[in-house]
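Participant: this one's structure only:
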Ligand SMILES: Nc1nc2c(ncn2[C@@H]2O[C@H](COP(=O)(O)OP(=O)(O)OP(=O)(O)O)[C@@H](O)[C@H]2O)c(=O)[nH]1
């Protein structure tokens with residue numbers, strides 16, 4: 001299936017594969033999520049066990065899915081709230097804890113379906129596990145970070161997925177002005193100095209690799225693997 005949604009001035013066209021959710025088809029799932037930009041994991045708000053199963057899918061995506069995949073959770077059948085088994089608050093809390101998009105939907109009554117795709121289209125959500133932040137011109141790379149090594153995984157935009165891992169030395173100097181950018185989740189938990197030098201490095205990388213989407217997948221050399229949440 002395809003679906004096109006407009007977010008601000010951009011049209012986002014989604015090519016959608018609907019996998020079979022049953023356990024016996026599980027081995028086929030990687031064929032669907034390999035190379036995917038986003039995954040919508042659907043559970044049934046009237047069946048608690050579907051919510052538990054969803055957590056296994058999240059784990060699988062984290063471990064074997066593309067590192068920058070956007071994860072959205074849809075609590076479907078919200079037209080049947082009278083027989084609900086999963087509280088909206090619980091599902092939202094879980095989604096927040098894994099930095100996933102969350103909406104309750106009704107496929108039957110077409111509730112929140114478009115909204116879900118619009119959420120996925122938003123740049124702030126376009127990198128799984130990332131939070132928006134502002135790179136400010138003039139922000140100095142701390143002296144303590146100069147000479148340290150940053151390890152980054154760059155994923156290019158465009159039809160062909162290309163990945164390149166680079167290790168580079170952090171140089172001093174101000175962060176270039178590149179407007180609003182995204183800071184990976186792992187960085188939000190990194191020490192302030194570590195965060196700042198990576199931001200500085202990203203700014204410089206943007207000049208070296210103008211076609212690379214630097215925001216897509218960044219490995220912090222010092223932290224744990226950022227895509228594997230425990
Ligand atoms: N009330 C209600 N029923 C729904 C809704 N969405 C789906 N259903 C019903 O739930 C049943 C299962 O829907 P499917 O779309 O086959 O579910 P699925 O998870 O894709 O199933 P598989 O393809 O077998 O993995 C069908 O009887 C649908 O009519 C909804 O939003 N509200």
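Facilitator: Yes, it's here. All values derive from a computational prediction rather than experimental measurement.

Participant: Contact residues of this protein facing the ligand?
Facilitator: 20, 21, 22, 76, 77, 79, 80, 106, 107, 108 (CB under 6 Å from any ligand atom). C-beta here means a position set from N, CA and C on the backbone, and glycine is covered the same way.

Participant: Could you list the low-confidence segments of this protein?
Facilitator: 67-68, 123-230 (pLDDT under 70).

Participant: Do a quick rundown of the helices in it.
Facilitator: 29-33, 48-64, 88-97, 113-121, 185-188, 192-208 (DSSP state H).

Participant: wait, isn't residue 79 in contact with residue 106?
Facilitator: Yes: at 4.3 Å, residue 79 counts as touching residue 106 under the criterion of CB atoms under 8 Å.

Participant: Comparing these two, which residue is more hemmed in?
Facilitator: residue 106 (18 against 15; other CB atoms under 10 Å).

Participant: hang on, isn't that one packed against residue 76?
Facilitator: Yes: under the criterion of CB under 8 Å, residue 106 lies in contact with residue 76, with a separation of 6.8 Å.

Participant: what's around residue 115, how many residues?
Facilitator: Count around residue 115 with other CB under 10 Å applied: 13.

Participant: What distance do you get for it to residue 53?
Facilitator: Residue 115 sits 24 Å away from residue 53, going by CB to CB, to the nearest Å.

Participant: so what's residue 51 up against?
Facilitator: 43, 75, 85, 86, 91 (CB atoms under 8 Å, 6 or more residues apart in numbering).

Participant: Give me the subset of the residues you listed lying in strands.
Facilitator: Members of these lying in strands (criterion: DSSP state E): 43, 75.

Participant: Can you check the contacts of residue 51 and name whichever has the most neighbours?
Facilitator: residue 75 (27 neighbours).

Participant: what sits opposite it in the beta ladder?
Facilitator: residue 43, residue 104 (DSSP bridges).

Participant: Spatially nearest residue to residue 108 (excluding sequence neighbours)?
Facilitator: residue 79 (5.6 Å; CB to CB, 6 or more residues apart in numbering).
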